[in-house]
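**Student:** Could you look at this predicted model? Sequence included:
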Amino acid sequence: MALGWIDLGVLAAYFAVTIGIGLWAGRKERDTADFFLGGRRQHWLLAGMSIIATEVSAVTLIAVPAEAFRSDWSYLQMYAGSFLGRVAIAFVLLPAFYRGSVTTVYEYLGQRFGRWTRTTASLMFFASRVIGSGIRLLIASLAISVVFGWRLELVVAASAGIAIVYAAAGGIKAIMWTDAFQAILFIAAAVVAVVVIFQQTPGSWQENLHSAYSAGKFHTFTWSGGLNNDKVFWILTLNAFFTTMAALGTDQDMTQRMLTCPNLRDGQRSLLFNAVAGLPIVCVFLLIGSLLYAYGERSPLPDVGDRVFPHFIASAMPHDVGIKGLMVAAIFAAAMSSLSSAIGALATTAVNDFYRPFTRHRSEAQYLRAARAFTIVFGAILIAVAMAFAGSDELLWKIFKWVGLVFGGMLGIFLLGVTTRARGHDGWNVVAMLSSFVFLTAVMLNEDSTGKAIIAWPWWVVLGTAWTYLVAACFRRRPI
């Protein structure tokens, strides 16, 4: 379904403003300290908004409403663990990173253990981020492509290409300022969507809410169940706690925002702001899904899986008044904010953990050129990964499973570093991390008669963390 001229104008304005903000914010990049960390002069509120934009990817914007539409609000149970995970990062991991004055969190592992631990963790980050971000880009592009009939490769190229332009030109400052704009945009679009769905659904808003409530669409907490039940509150809380610590504390994509702040206190503020602001944002996206159910009770929606929200945008929202354009821009914004931060973090890690250590005595200008080159290269790689997965099914679960296999090994080593003084051996840490991945891969492949893993996915990151920590703790640290 084609967009009207006003909608296309809104979409074009979004792209123009995004590029303008990125080029303005990233001007006068003098060295890699500016390019990677914004000179460590960024405000904690800007950092907090950037984390929100990075975390609320197009997967959230599309898949969370779809989950509430077909099921309920069980997803919200993960918020408690996510909040506690952020608090733990702020007061356990961040102090160590600031004490070490690191540019990437893997530099801390090098300081604490040695080169091999640092290199292995960096490579695990590359693997998880390239695949995860590539799939996230594909999910957003598929939703727009299928619903509006646009060619998939053009949608992928448009969203990725613009993100590459401002990320390569302006580095982290361009990424953070465009993130803040994009976060405001997709939050505003979500609120507008709630209002529009209320207006488009026959009957009063009280009747619509009651219809969804009666169908169990607002059910949130499941307090009892077996150890393998992936909807039980305490299991999801435990998973969210460990996953959040890994995603925001050991993944350069997220921690880079906090490290742009001038001091530890501001870095902690940015993360705690993000922890508080996350609850209402998730609730709005879940509410969209519940309201779509009420709408579908009166105007049946086709079975389009996770694309129920994009389908509603295309088929039921007012045509050519700018609202459809705003919604499509919001999907692009969610995709581009996650993508730009990913390629920025990948470039930062490539330069600081690999290129710089092996090319001593180069000038800052040369390292800055290398950073821009790596940004472009990783952007192209993510486009290729997105297209490689174009024919796959259950993309959302692929992200969860892949993250579960990798994050445990990374988090276990970081926790060993900050909770012990003499434990951990550079070489044996590598064995601990890689064996964790092998162990969890075996767990994933061990399925029951219904095709489900014997141990449910929420446990994977927990088991991987415990395995890595305990194995690595068996060995004493060797002086570097």
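**Tutor:** Alright, I've got the coordinates. Numbers count the residues shown, from 1 in each chain.
**Student:** Against Cys474, how distant is Thr434?
**Tutor:** If you look again at residue 434, you'll see it is Leu, not Thr. From Leu434 across to Cys474, the span is 15 Å (CB to CB, to the nearest Å). For glycine as for every other residue, the C-beta is placed from the backbone atoms N, C-alpha and C.
**Student:** Same drill for these two, tell me which one is more crowded.
**Tutor:** Leu434 (14 against 11; other CB atoms under 10 Å).
**Student:** buried sites along stretch 122-134?
**Tutor:** Neighbour counts over stretch 122-134 (16 or more other CB atoms under 10 Å) mark 122, 124-126, 128-134 as buried.
**Student:** for that stretch, what is the average pLDDT?
**Tutor:** Averaging pLDDT along stretch 122-134 gives 87.
**Student:** Make 160 the starting number, not 1.
**Tutor:** Sounds good: first residue 160 from here, last item stretch 281-293.
**Student:** Tell me which helix or strand the residue nearest to Ala631 when sequence neighbours are not counted sits in.
**Tutor:** What sits nearest to Ala631 in space, not counting adjacent residues and going by CB to CB, 6 or more residues apart in numbering, is Ala591, at 3.9 Å. Assignment of secondary structure by DSSP states H and E places Ala591 within helix 585-604.
**Student:** who does that helix touch, helix- and strand-wise?
**Tutor:** The contact analysis (3 or more CB pairs under 8 Å, 6 or more residues apart in numbering; DSSP states H and E) places helix 585-604 against helix 274-307, helix 554-578, helix 619-632.
**Student:** what's the closest of those helices to Gly481?
**Tutor:** Closest of the helices and strands packed on helix 585-604 to Gly481 is helix 274-307, at 15.8 Å (criterion: CB to CB).
**Student:** what is the orientation angle of that closest one with helix 619-632?
**Tutor:** Helix 274-307 and helix 619-632 meet at an angle of 170 degrees, taking axes from the mean of the first three to the mean of the last three CA atoms, to 10 degrees as the criterion.
**Student:** following helix 274-307, which helix or strand comes up?
**Tutor:** helix 311-359.
**Student:** Where does pLDDT dip in the chain?
**Tutor:** Regions of the chain meeting the criterion pLDDT under 70 cover residues 160-161, 217, 550-561, 608-610, 638-639.
**Student:** Next up, identify which helix or strand His426 is on.
**Tutor:** Just to correct that, residue 426 is Gly rather than His. helix 423-457.
**Student:** list the helices and strands whichever helix or strand comes after that helix packs on?
**Tutor:** Per DSSP H and E, the first helix or strand lying C-terminal to helix 423-457 is helix 467-475. Applying 3+ CB pairs under 8 Å, 6+ apart, one finds that helix 467-475 contacts helix 217-229, helix 274-307, helix 311-359, helix 423-457, helix 482-509.
**Student:** Quick one: residues contacting the nearest residue to Ser230 once chain neighbours are set aside.
**Tutor:** Nearest non-adjacent residue to Ser230, counting by CB to CB, 6+ apart: Lys376, 8.0 Å away. When contacts are counted by CB atoms under 8 Å, 6 or more residues apart in numbering, Lys376 touches 227-228, 230-232, 448-449, 452-453.
**Student:** ok, now with 6 Å
**Tutor:** 231, 449, 452 (CB atoms under 6 Å, 6 or more residues apart in numbering).
**Student:** Can you tell me which of those are buried?
**Tutor:** For the contacts of Lys376, buried by 16+ other CB under 10 Å: 231, 449, 452.
**Student:** how near is the residue sitting furthest away from the middle of the chain to Ala436?
**Tutor:** Centroid-distance maximum for the chain: Gly362 at 37.3 Å, with CA atoms, centre = their mean. Going from Gly362 to Ala436 by CB to CB gives 32 Å.
**Student:** before we move on, what about Ala317?
**Tutor:** Counting by CB to CB, the gap from Ala317 to Ala436 is 29 Å.
**Student:** and if you look at Ala302?
**Tutor:** 25 Å.
**Student:** With neighbour numbers in mind, choose between the two.
**Tutor:** Remark: of Ala302 and Ala436, Ala302 carries more neighbours, 28 against 16, as counted by other CB under 10 Å.
**Student:** what's the distance between the residue nearest to the spatial centre of the chain and Asn433?
**Tutor:** For the chain, Glu214 is the residue whose C-alpha lies nearest the centre (CA atoms, centre = their mean; 3.8 Å). For Glu214, the distance to Asn433 (CB to CB) stands at 8 Å.
**Student:** Give me the neighbour count for Cys442.
**Tutor:** 15.
**Student:** ok, and the closest non-adjacent residue to it?
**Tutor:** Nearest to Cys442 is Leu235, by CB to CB, 6+ apart, at 7.1 Å.
**Student:** Equivalent analysis for Leu451, please.
**Tutor:** Counting by CB to CB, 6+ apart, the residue nearest Leu451 is Phe228, at 4.9 Å.
**Student:** Contacts only, for the one you found.
**Tutor:** Here Phe228 is in contact with 448, 451-452, 467 (CB under 6 Å, 6+ apart).
**Student:** With Ala529 instead?
**Tutor:** By CB under 6 Å, 6+ apart, the neighbours of Ala529 are 510, 514.
**Student:** What about it? Give its phi and psi, please.
**Tutor:** Recorded main-chain torsions at Ala529 are phi -60, psi -40, according to degrees, to the nearest 10.
**Student:** I'd like the buried residues of stretch 281-293 as JSON lines, with distance to Glu523 appended.
**Tutor:** Converted to JSON lines, the buried residues of stretch 281-293 look like this (distance: CB to CB, whole Å):
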{"residue": "Ser281", "distance to Glu523": "21"}
{"residue": "Met283", "distance to Glu523": "28"}
{"residue": "Phe284", "distance to Glu523": "24"}
{"residue": "Phe285", "distance to Glu523": "24"}
{"residue": "Ser287", "distance to Glu523": "30"}
{"residue": "Arg288", "distance to Glu523": "25"}
{"residue": "Val289", "distance to Glu523": "27"}
{"residue": "Ile290", "distance to Glu523": "32"}
{"residue": "Gly291", "distance to Glu523": "31"}
{"residue": "Ser292", "distance to Glu523": "28"}
{"residue": "Gly293", "distance to Glu523": "31"}
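**Student:** picking that back up, return the distance of the residue nearest to Leu451 relative to Ala530.
**Tutor:** Taken as CB to CB, the span from Phe228 to Ala530 is 42 Å.
**Student:** Equivalent analysis for Gly181, please.
**Tutor:** Gly181 is 15 Å from Ala530, by CB to CB.
**Student:** Then Phe513?
**Tutor:** From Phe513 to Ala530 the distance is 12 Å (CB to CB).
**Student:** So which of the two has more stuff around it?
**Tutor:** Ala530 (24 against 17).
**Student:** Please tell me I have it right and that one contacts Ala504.
**Tutor:** No: using CB atoms under 6 Å, Ala530 is not in contact with Ala504, being 11.6 Å away.
**Student:** how about the contacts of Phe228, which pair is most distant?
**Tutor:** Across the contacts of Phe228 (CB to CB), the longest gap, 9.2 Å, separates Tyr452 and Val467.
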